[in-house]
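Enquirer: missing the sequence, but the structure's below:
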């Protein structure tokens, strides 16, 4: 069964979808749009709107309350190709308050030449915030892109002390 909720955060509404205690999607968008982005197989599971998802909602709230490492306690799962999976694992290792470039992400994910694939992994990341693609920036420090708009990326990086 999928659990769905939307949390009010200082930067805007954050929708979350979990399969039991594993977060499968998170984004600054509506629950319906987020639900449409997950795999067809998971969309076919029964889904229930809840006020809070046990553990996950509390950890996200703790993050916004200043415990920047709280998101590390959330288990995640999303479908993707081998390089994307590797890139997402690398993103989770980038500490709050730090950023790395798309080129660094490619190298750490196993392919120096896969800078575009690193950018694509960020773009296809369905678990915004918890798989912190907002911590990936252009070489030289320019913010680059963010699926939900640069105001979110900038706010998150300021909240974490990276800007």
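Expert: Now that the structure is in, tell me what you want to look at. As the structure is a prediction and not an experimental result, all values here were calculated from the model.
Enquirer: Now do the domain split for the chain, please.
Expert: 2-75, 80-160 (automatic domain parsing).
Enquirer: The first one: end-to-end distance?
Expert: I take that to be domain 2-75. 15 Å (CA to CA, to the nearest Å).
Enquirer: Tabulate the domains of the chain (JSON lines), appending mean neighbour count and mean pLDDT.
Expert: For every residue, glycine as well, the C-beta is placed using N, CA and C. Listed next are these as JSON lines, based on neighbours: other CB atoms under 10 Å; pLDDT from 0 to 100:
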{"stretch": "domain 2-75", "mean neighbour count": "16", "mean pLDDT": "97"}
{"stretch": "domain 80-160", "mean neighbour count": "18", "mean pLDDT": "97"}
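Enquirer: How about residue 52: what's its closest non-neighbour residue?
Expert: Excluding the flanking residues, the one nearest residue 52 by CB to CB, 6 or more residues apart in numbering is residue 5, at 6.0 Å.
Enquirer: Which elements pack onto the strand or helix carrying the one you found?
Expert: Assigned by DSSP states H and E, residue 5 falls within strand 2-9. Under the contact criterion of 3 or more CB pairs under 8 Å, 6 or more residues apart in numbering; DSSP states H and E, strand 2-9 touches strand 12-19, helix 31-37, strand 47-49, helix 56-64.
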